[in-house]
Structure formats: C-alpha cells, structure tokens
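Visitor: structure, please.
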Amino acid sequence: MGTTWRLLLKELSAFGIVGAVCFVIDVALFQLLYAHVHLGAVTAKTLSTLVSMTVAYFAHRYWSFSHRARTGVRREYLLFAVVNGVTLLLTVGVVAFVRYPLGQESALVLQLANVASIAVGTVVRYLSYRTWVFPALPTVPTATRTPETLTG
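Guide: Okay, the predicted model is just below:
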C-alpha cells in the first residue's frame with residue numbers, strides 16, 4: 001500500500017474514532033442537559049455541540065490530520081469553528097424544526113433528529129477539514145533533467 005493510501009487510511013480511521021468519541025460526548029451531553037437539567041432543546045444542542053467541537057479540534061489537529069500543513073492554531077480554529085458553526089446551524093435547525101413546528105417533545109424523537117443531523121454534518125465536516133482547515137502539504141515537483149534541458 002502506497003504512502004498516500006496509508007495516510008488516507010490513517011486520516012479516515014482517526015477521523016472516525018474522534019468522530020465516534022465526540023458523537024458520544026454530544027449525544028450524552030445533549031441527553032443530560034435536555035432530559036435531566038431541563039434546558040431547552042436548542043440550548044442543550046448548542047452546548048453539547050460546542051463541547052464536542054472543541055474536543056474534536058484538538059484531536060483532529062494533533063492526531064487525525066497531524067501529517068497535514070500547519071497554518072496556525074488561530075487560523076485553523078477559526079475555520080474549524082466556521083465549519084462547525086455551519087453544521088451547528090444545520091443540526092440546531094433540524095432539532096428546532098422537529099421540536100417546535102412539529103411539536104415533538106419526546107427526548108427519543110429529538111435524539112433521533114439530533115443523530116440524523118449529526119450524520120449529515122459529519123460528511124460536511126470531513127470534506128471541509130481536509131480542504132480548508134488542515135490543507136494538504138504543498139508538493140514540490142522534482143526537477144527532471146533531460147538532454148534537451150541541458151543543451152537548450
């Protein structure tokens with residue numbers, strides 16, 4: 001297996017593990033805040049996402065995408081927060097839609113909406129992290145010397 005495939009496998013598997021851990025943090029914290037602390041559904045979802053997002057940033061920076069370019073913590077975290085802000089709006093929007101216009105109060109129904117929105121957000125986050133937050137290291141082309149370049 002080539003280096004590129006190994007790096008992609010490492011990246012995907014680490015992204016999956018970090019995602020799974022942060023998924024558990026998000027879902028458990030949402031459940032705790034909504035069902036036991038009795039915060040509103042949107043507030044609970046916002047807080048659970050902010051906590052899991054911060055854990056995810058550090059795990060991705062120092063593990064999942066550790067082989068990629070470093071462009072500075074402030075820049076990366078800002079882009080990471082923007083990407084997660086967009087996915088937060090998506091997930092909060094889904095939870096809010098299910099809770100208010102649809103009138104669902106059941107913790108199970110809201111949790112199902114939460115999980116579905118997390119799945120869609122995961123795809124958006126992975127592609128965005130690879131493209132903008134943790135970009136690929138620039139490749140330096142190897143100069144090739146041919147007889148034409150030596151005489152021309």
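
Visitor: tell me the SS of the closest residue to Leu29 other than its chain neighbours?
Guide: Nearest residue to Leu29, sequence neighbours excluded (C-beta to C-beta, 6 or more residues apart in numbering): Ser48, at 3.9 Å. In short, each C-beta sits where N, CA and C put it, glycine included. For Ser48, the assignment made with DSSP: H, G, I helix; E, B strand; the rest coil gives helix.

Visitor: wait, what's in contact with the residue sitting nearest the centre point of the chain?
Guide: In the chain, the centroid-proximal residue (C-alpha atoms, centre = their mean) is Arg125; its distance is 4.0 Å. Residues near Arg125 by C-beta atoms under 8 Å, 6 or more residues apart in numbering: 83-84, 87.

Visitor: most surrounded residue in those?
Guide: In terms of neighbour count, Asn84 stands highest of the contacts of Arg125 at 25 neighbours, by other C-beta atoms under 10 Å.

Visitor: name the element that one belongs to?
Guide: Here Asn84, judged by DSSP states H and E, is contained in helix 73-99.

Visitor: other SSEs contacting that helix?
Guide: Helix 73-99 makes packing contacts with helix 41-59, helix 107-128 when contacts are defined by 3 or more C-beta pairs under 8 Å, 6 or more residues apart in numbering; DSSP states H and E.

Visitor: could you rerun that using 10 Å?
Guide: When contacts are defined as 3 or more C-beta pairs under 10 Å, 6 or more residues apart in numbering; DSSP states H and E, helix 73-99 packs onto helix 3-31, helix 41-59, helix 107-128.

Visitor: arrange those helices in JSON lines, one row each, with distance to Tyr77 and mean pLDDT as further columns.
Guide: As requested, the helices and strands packed on helix 73-99 are exported to JSON lines (distance: least, C-beta to C-beta, whole Å; pLDDT from 0 to 100):
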{"stretch": "helix 3-31", "distance to Tyr77": "15", "mean pLDDT": "92"}
{"stretch": "helix 41-59", "distance to Tyr77": "6", "mean pLDDT": "92"}
{"stretch": "helix 107-128", "distance to Tyr77": "14", "mean pLDDT": "90"}
